[in-house]
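Student: got a predicted structure here, sequence first:
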Amino acid sequence: MQPHMNTKKALLIIVLVIIAGALTFFISKSRSNYSQTATSTPKVEEGGLHTGIQIKPELPGQTLPFSNDPKDLAWAVFQKYLGYNKDQNLEGVRGVVYKVASVCEDPKTTIDCKARMNLAWEYGNVLKKEDFVNVWEDSKQIILATDFKTREDDSIIGRDRSIIFFVRDENKNLKMLSFSPFKGVIVNKGTASQEELNDRIVRYTEDKDKDGIADYDEECLAVKEGQTCTQTNPKIRDTDGDGLWDGIEALIQ
Ligand SMILES: [Ca+2]
Ligand SMILES: [Ca+2]
Ligand SMILES: [Ca+2]
């Protein structure tokens, strides 16, 4: 077995899992290679583990922020998560995420798990706290999101943003659920006018109810035959009223 082949395989698997998992709608509209996203910026999803992070500032732990500000608390959890990934410390990761990736639960896929941790660190450590100007939170969850950015080249146009999801458990421990450095959409320009293209990428990505899932996706409008999709209300954050927002719930499921 050649290590570099294993690594390649592991990375391939990760990218496939990432793509299959969350961006069906992204995939359906982006066959071309988006200059900076399709191959080099896959969605890094999920988190993993459990707890450990107390959200009260008086709790022990020198890296805890002296602030009850939701963004500070969430960012501190995210930084811990990244640090553990950088150190390939699975138990550490397990302590700050909602659930570990399945490849990290099976000893046979340790190499895939490590590759995944590398990716998480690689994509996560370049994110800047100050860019996350959107902070949506309540007693059960926190979402940090940047504003959208539009990117394009001669043949494609895309709109995406970075987003990080957190959930709180019954003990108020904040856990990282998922993060995506480039959550959005890419479309082929084709013969469409610029106005039409702009309208399209906005329609595909807008999240007016701020629940962490594009309203277009909530209505299952990008779902293809054979795919399953649970519709939620694009005007209500918590469609089923269980306290978890629609975007959070979609990730948990
Ligand atoms: Ca929404
Ligand atoms: Ca909704
Ligand atoms: Ca809900």
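Tutor: Structure's in. What do you need? Ligands and ions are numbered 1, 2, ... in the order given.
Student: nearest residue to the closest residue to ligand 3 within the stretch 51-200 of the chain other than its sequence neighbours?
Tutor: Proximity of the stretch 51-200 of the chain to ligand 3 (Cβ to the ion) peaks at K140, 9.3 Å away. The C-beta positions use only the backbone N, C-alpha and C, and glycine is treated the same way. Using Cβ to Cβ, 6 or more residues apart in numbering and skipping the chain neighbours, the partner closest in space to K140 is G243 (5.0 Å).
Student: tell me the SS of the one you found?
Tutor: coil (DSSP: H, G, I helix; E, B strand; the rest coil).
Student: distance check, it against G226.
Tutor: Using Cβ to Cβ, to the nearest Å, G243 is found at 32 Å from G226.
Student: pick out whichever of those two has more residues nearby.
Tutor: Neighbour count, other Cβ atoms under 10 Å: between G243 and G226, G243 has more, with 12 against 5.
Student: and the more buried one, how far from N188?
Tutor: Remark: distance between G243 and N188 (Cβ to Cβ) = 40 Å.
Student: which residues of the stretch 51-200 of the chain lie near ligand 1?
Tutor: Residues of the stretch 51-200 of the chain found near ligand 1 (Cβ under 5 Å from the ion): none.
Student: and for R161, the neighbour number?
Tutor: Neighbourhood size, R161 [other Cβ under 10 Å]: 19.
Student: got the phi/psi numbers for it?
Tutor: The phi/psi pair for R161 (degrees, to the nearest 10) reads phi -150, psi 160.
Student: wait, isn't it in contact with V185?
Tutor: No. Counting by Cβ atoms under 8 Å, R161 stays clear of V185, with 10.9 Å between them.
Student: shouldn't T205 be in contact with T150?
Tutor: No. Using Cβ under 8 Å, T205 is not in contact with T150; the gap is 9.8 Å.
Student: more neighbours, those two?
Tutor: Comparing T205 with T150 by other Cβ under 10 Å, the one with more neighbours is T205, at 22 against 14.
Student: just the CA atoms of stretch 103-123, as PDB, please.
Tutor: Provided in PDB are the C-alpha atoms of stretch 103-123 (Å, rounded to 0.1, in the frame of the first residue of the first chain):
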ATOM      1  CA  VAL A 103     -15.100   7.900   8.900                       C
ATOM      2  CA  CYS A 104     -13.700   8.900  12.300                       C
ATOM      3  CA  GLU A 105     -15.900   6.300  14.200                       C
ATOM      4  CA  ASP A 106     -14.500   3.400  12.300                       C
ATOM      5  CA  PRO A 107     -10.900   2.400  13.000                       C
ATOM      6  CA  LYS A 108     -10.600   1.000   9.500                       C
ATOM      7  CA  THR A 109     -11.000   4.400   8.100                       C
ATOM      8  CA  THR A 110      -8.500   6.300  10.300                       C
ATOM      9  CA  ILE A 111      -6.600   7.500   7.300                       C
ATOM     10  CA  ASP A 112      -9.800   9.000   5.900                       C
ATOM     11  CA  CYS A 113     -10.500  10.600   9.300                       C
ATOM     12  CA  LYS A 114      -7.100  12.200   9.400                       C
ATOM     13  CA  ALA A 115      -7.400  13.500   5.900                       C
ATOM     14  CA  ARG A 116     -10.800  15.000   6.900                       C
ATOM     15  CA  MET A 117      -9.300  16.600  10.000                       C
ATOM     16  CA  ASN A 118      -6.600  18.100   7.700                       C
ATOM     17  CA  LEU A 119      -9.200  19.500   5.400                       C
ATOM     18  CA  ALA A 120     -11.200  21.000   8.300                       C
ATOM     19  CA  TRP A 121      -8.100  22.700   9.600                       C
ATOM     20  CA  GLU A 122      -7.100  23.900   6.200                       C
ATOM     21  CA  TYR A 123     -10.400  25.400   5.300                       C
END
